[in-house]
Each structure stands twice: as C-alpha cells, then as structure tokens.
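Novice: need a 3D model of the following:
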Amino acid sequence: MNTSKPRHFDQLRGQAVALRRAGKSVRQIKQILGPIGNGALQEALRGEPPPEWTRRPNAKDDLHAKARDLRLQGLDYEEIVARLGVSKSSVSLWVRDLPRPPRVAPDECARRTSERMRRYWTAERRVRATRRAMASAAAAADIGGLTDREIVIAGAIAYWCEGAKNKPHRRADRVTFANSDPELISFFLLFLDVAGIPRSDLAFQLQIHETADVVSAERFWLAMTGAQPEQFRKTSLKRHNPGTTRKNTSDGYYGCLRVDVKRSCVLYRKIEGWASAVTRTAAAPD
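Specialist: Residues are numbered from 1 along each chain as shown. Here you go, the predicted structure:
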C-alpha cells in the first residue's frame, strides 16, 4: 500500500489549517477548497481542534470533566467508575492522556478496597433484604390460613423436632417444649389450644444467661404467653463463662422459654402418634 502523502499535501494542510483556525467547519472548508476526499482532509486537519461552535452538546460532558478531575486527584479507574457510575472503557477514553497517578501505598490500597466493598455491601444488603422479604411474603400467601387439622400436624412435627422425647432407656411420656423463638412458642401454645389443653395446665420456666436483662425478659415472656405469674417457675440462670464469646447480646435477646404440660402422658402419646403418621406417610412406597 502506498502511504506517501501527495506532493501538494503541505499546501493543502496550510490552507485547511488556516481555514480551521478562522472558525470554518469541515463542510465549509471543502466548499472553499473544492473537491477533497474525506480522508485527505482529515489527515490535513490532524491535531487541529474544531471550532467551539461546531461542537454538539454532549450529555456526558459533565461526567467527562468530573472523571478528569478525579484522575488528577489520584484516583484509579475503579474508583472513578464507582464514583460516577460509568463504564471503565469510558473512563479510560476520557483520561488516558493524563499522567498516571503515583503508585498507592499498600495500606492506602487496602483502605480504598475496603471502602469500595463497604459501599457495595451497603447497597447489596438492601437489595437482598428486599428479595428475602418478597419471597417470604409470597410463600406466606401460598399457605394462607390453617385448619385445626393442619395446626395439629404442624404442631406435632414442631414438637418432635424441638420437644423432649422418650429415650430407649427411659420413658417419661411427658410434654416439655423449649425454644427461644417467640413466634414458635406462640404457635406451640396455639397447638395446645387446638389439642384441648387448658392454659391452666401449663407451667413455664425462663432459661437465660445471667449477664442478660433478666427482669425485662421475664416481663416479655409473661406478656407474650398471657399466663399468670404463679405459672412461672424460678428463672434458671446460665453462668457466665469468660472464655466464651456470646452472640446473643442484642436488645432482642429474651433467653429460652420452657413450656411444661402437666399431666401430659395422654397428650405425649397422641403427639407421638401424630408425628409417626406424618413420617410414615413420607416413608411409604408409592
């Protein structure tokens, strides 16, 4: 390929540059100089900026200027992208003529990385929380209200997972249920109502770490269960172990509530049968 410029190129360039500096557009230069190929004219005008009046307004001009300012402040491409919300390719195009910022010290690099991750997870946690809430609400809508039979089935399985059960070496046939989740305790009480157990046949005991707000927890469970104060046995305190790092230290920690059903031999055998019927159904061949 012949890449040499035509002999009159210098003359063409001088004329084109003079017209460009006089404020002429490419179209006007072509009209003045006569028939000229686009490639030849572009080569002649190389390095000459167009007059200001020919520039079209660009929606990204403001972002362009901000990107250059951030680059001059020493930010790298990733940081500029995070600040402005534009693509890395755009940032590269806008600032590639600027000097590269000095190498960042390792501790500063780690700080910037940590800050980027903090911003990311601040936004991402909100998104994930919204997704979880929507999925949970949709699932709850699928279930709807429960019949008494469904409450008995669910309650028997809940007890078989969380309640006290007979051991091969020891049969007690006694209903004792303990949990720290107020909603699960509330459902178990509903299950007992449906099973025909009067609330007066229940006894409660709070089991809680001694460093927690014991008085507040006792008030909470008394109000939640709707029981009489005399139905609550003496609170069982778990001794503090300095070598253990406790996680349940928030204001919402109320310990674990134990629910005992008095004279519950018959009820225990019913729960055993209900739970067995459910599990046998799952194990039965098609």
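Novice: which intervals of the chain have sub-threshold pLDDT?
Specialist: Flagging of the chain using pLDDT under 70 yields the residue ranges 1-7, 52-60, 104, 242-249, 283-286.
Novice: what ranges do the strands span in it?
Specialist: Assigned by DSSP state E, the chain shows strands spanning 176-179, 202-209, 236-238, 256-261.
Novice: show me what the last one is packed against.
Specialist: By that I understand strand 256-261. strand 176-179, helix 182-194, strand 202-209 (3 or more CB pairs under 8 Å, 6 or more residues apart in numbering; DSSP states H and E). (C-beta placed from N, C-alpha, C; glycine too.)
Novice: same thing but 6 Å
Specialist: strand 176-179, strand 202-209 (3 or more CB pairs under 6 Å, 6 or more residues apart in numbering; DSSP states H and E).
Novice: who are the contact partners of residue 94?
Specialist: Contact analysis of residue 94 by CB atoms under 6 Å, 6 or more residues apart in numbering lists 64, 67.
Novice: re the thing from before, adding distance to residue 222 and mean neighbour count, write the helices and strands packed on strand 256-261 out as CSV.
Specialist: Shown next, in CSV, are the helices and strands packed on strand 256-261 (distance: least, CB to CB, whole Å; neighbours: other CB atoms under 10 Å):
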stretch, distance to residue 222, mean neighbour count
strand 176-179, 17, 18
strand 202-209, 8, 19
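Novice: on that earlier part again, just send the strands of the chain back as TSV, with distance to residue 219 too.
Specialist: Formatted as TSV, these follow (distance: least, CB to CB, whole Å):
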stretch	distance to residue 219
strand 176-179	19
strand 202-209	10
strand 236-238	16
strand 256-261	13
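Novice: between the ones you listed, which one is closest to residue 14.
Specialist: strand 202-209 (89.5 Å; CB to CB).
Novice: how distant is that closest one from the center of its chain?
Specialist: 35 Å (CA atoms, centre = their mean, to the nearest Å).
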